[in-house]
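**Student:** Mind folding the following:
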Amino acid sequence: KAKHLHAAKLGNSDAMRVGDWVIAIGNPFGLEQTVTAGIVSARGRVIGSGPYDDYIQTDAAINPGNSGGPLFNTKGEVVGINAAIYTKSGGSNGIGFAIPINLAHSVFEELRKTGHVQRARLGVMIRDVDEETMQALGLKNKHGALVPQVQSGSAAEKAGIQAGDVIVGVDQAKIRSAHDLPIRIARHHAGDKVMIHLIRDGHLLHIPVVVEAMKDTKSSNAALQHKAMRLGMALTVLNKELRKKLETRVDYGLVVKGVRRGSPAAHAGIEQGDVLYKVNGQPIRKISDLLAIVKPMDTGGSLRVMMDRHGNQAFTVIRLPKKEGK
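**Tutor:** Reported below is the predicted structural model:
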């Protein structure tokens with residue numbers, strides 16, 4: 001056994017800025033102790049791996065075998081854990097992703113203390129602020145997460161958050177889109193008090209909220225929905241009411257309830273209200289039909305999607321990024 005090993009110090013990934021120099025260490029293709037350098041290309045990247053995507057993007061060369069290795073700042077502090085690459089060749093194209101160390105540390109601490117991870121929640125439905133909403137509410141920009149609905153009995157309702165509020169910050173962090181909010185809340189534990197900054201009737205309000213534990217639903221549909229979020233879409237099965245409301249010409253399919261910004265679905269141009277009815281030539285009648293096609297594609301690939309948009313036939317391609325280590 002090795003002796004006299006010193007643990008690497010953890011840095012503050014929230015303090016990293018685009019353009020900061022970083023160093024990646026790993027064993028790409030079995031080549032031990034390989035060191036590469038680059039910069040932080042972007043923060044808060046969404047790559048379709050789950051609803052809490054919040055990756056650091058770097059151009060430091062990351063290849064298969066780097067996964068799990070550290071990403072250092074210039075002080076020698078660990079600011080990320082190398083996790084994935086976007087590639088068509090199987091090697092580095094200068095687009096690598098690392099899990100922020102602050103997020104990894106919070107998960108580690110919860111696993112160490114309780115043996116499992118239980119994310120916190122507010123209990124609100126959210127969506128991005130669009131141009132129409134911005135004008136209707138008299139907002140200066142489209143930053144924030146609009147709250148169209150507050151769940152009855154939730155932490156948000158108890159604290160006084162209302163439908164129509166636009167959440168623009170959590171504690172010291174700014175909320176620029178609906179995707180940012182659950183990431184910030186999920187870093188907390190049930191019972192923690194967080195300060196929610198929101199705009200209501202043109203006024204900036206600061207509301208303390210004691211967050212609650214996310215409910216552990218055993219609904220099979222909820223589990224399927226979570227898996228479908230790899231594509232960046234919230235889906236529901238087309239029924240008679242939706243068919244009439246959307247004026248669609250198809251008799252079956254999956255209705256897109258929402259699209260996560262920056263996700264594979266968003267890049268493919270899929271919009272809320274689209275009805276997906278055929279993928280890779282196969283009819284899609286329920287969410288499990290779609291997942292059966294997506295599941296074997298962990299190493300990346302493309303989905304040829306036929307859909308109905310406002311009664312018109314449309315076609316697009318969803319490109320799934322290759323996951324390192326697969």
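**Student:** And stretch 307-318, end to end?
**Tutor:** 12 Å (C-alpha to C-alpha, to the nearest Å).
**Student:** same deal with stretch 26-35?
**Tutor:** For stretch 26-35, the end-to-end distance is 7 Å (C-alpha to C-alpha).
**Student:** contact partners of that stretch?
**Tutor:** 23-25, 61-69, 82 (C-beta atoms under 8 Å, 6 or more residues apart in numbering). C-beta coordinates here come from the backbone N, C-alpha and C atoms, glycine included.
**Student:** Which of the residues in it are classified as buried?
**Tutor:** Gly26, Asn27, Pro28, Thr34 (16 or more other C-beta atoms under 10 Å).
**Student:** backbone phi and psi for the third one, please?
**Tutor:** Phi and psi for Pro28, reported as degrees, to the nearest 10, are phi -60, psi 130.
**Student:** Could you check the pLDDT of it?
**Tutor:** Listed pLDDT for Pro28 reads 85.
**Student:** Show me what the helix or strand Glu109 falls within is packed against.
**Tutor:** If you go by DSSP states H and E, Glu109 is part of helix 101-114. Applying 3 or more C-beta pairs under 8 Å, 6 or more residues apart in numbering; DSSP states H and E, we find helix 101-114 packed against strand 78-85.
**Student:** measure Arg176 to Leu31 for me?
**Tutor:** Noted for Arg176: a distance of 39 Å to Leu31, by C-beta to C-beta, to the nearest Å.
**Student:** again, but for Gly115
**Tutor:** Separation of Gly115 from Leu31 (C-beta to C-beta): 36 Å.
**Student:** Surely Leu320 touches Lys295?
**Tutor:** No. Leu320 is beyond contact range of Lys295, at 11.1 Å (criterion: C-beta atoms under 8 Å).
**Student:** what residues are up against Glu157?
**Tutor:** Contacts of Glu157 by C-beta under 8 Å, 6+ apart are Gly123, Val150, Gln151.
**Student:** In terms of pLDDT, where does the residue lying closest to Gln118 once chain neighbours are set aside sit?
**Tutor:** Nearest-residue entry for Gln118: Ala213, 5.2 Å, with adjacent residues in sequence omitted and distances by C-beta to C-beta, 6 or more residues apart in numbering. Model confidence at Ala213, given as pLDDT, is 85.
**Student:** if I look at Ala213, how far off is Arg187?
**Tutor:** For Ala213 relative to Arg187 (C-beta to C-beta), the value is 14 Å.
**Student:** Residues that sit against both of the two, list them.
**Tutor:** With C-beta under 8 Å, 6+ apart as the test, Ala213 and Arg187 both reach Ala120.
**Student:** quick one, which of those two is more surrounded?
**Tutor:** Just comparing Ala213 and Arg187: by other C-beta atoms under 10 Å the higher neighbour count belongs to Arg187, 22 against 13.
**Student:** I'd say that one and His105 touch.
**Tutor:** No. Between Arg187 and His105 there is no contact under C-beta under 8 Å: 9.7 Å.
**Student:** Let me see the ranges of the helices in this structure.
**Tutor:** 101-114, 131-137, 155-159, 180-186, 220-228, 240-246, 264-267, 287-294 (DSSP state H).
**Student:** packing partners for the fourth one?
**Tutor:** Spelled out, it's helix 180-186. strand 120-121, strand 166-170, strand 173-174.
**Student:** For the stretch 201-326 of the chain, which residues score under the pLDDT cut-off?
**Tutor:** Residues of the stretch 201-326 of the chain that meet the criterion pLDDT under 70 lie in 215-229, 298-299, 322-326.
**Student:** before we move on, what about the stretch 1-150 of the chain?
**Tutor:** 48-51, 87-92.
**Student:** same thing but at 50, please
**Tutor:** Scanning the stretch 1-150 of the chain for pLDDT under 50 picks out no residues.
**Student:** how about the strands of it, start to end?
**Tutor:** With DSSP state E, counting those that start in this stretch as the criterion, the stretch 1-150 of the chain has strands at 21-26, 34-45, 55-58, 70-72, 78-85, 96-100, 120-121, 124-128, 145-150.
**Student:** mind putting these in a markdown table, distance to Ala163 included?
**Tutor:** Listed next are these as a markdown table, based on distance: least, C-beta to C-beta, whole Å:
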| stretch | distance to Ala163 |
| --- | --- |
| strand 21-26 | 42 |
| strand 34-45 | 26 |
| strand 55-58 | 31 |
| strand 70-72 | 40 |
| strand 78-85 | 36 |
| strand 96-100 | 31 |
| strand 120-121 | 17 |
| strand 124-128 | 9 |
| strand 145-150 | 6 |
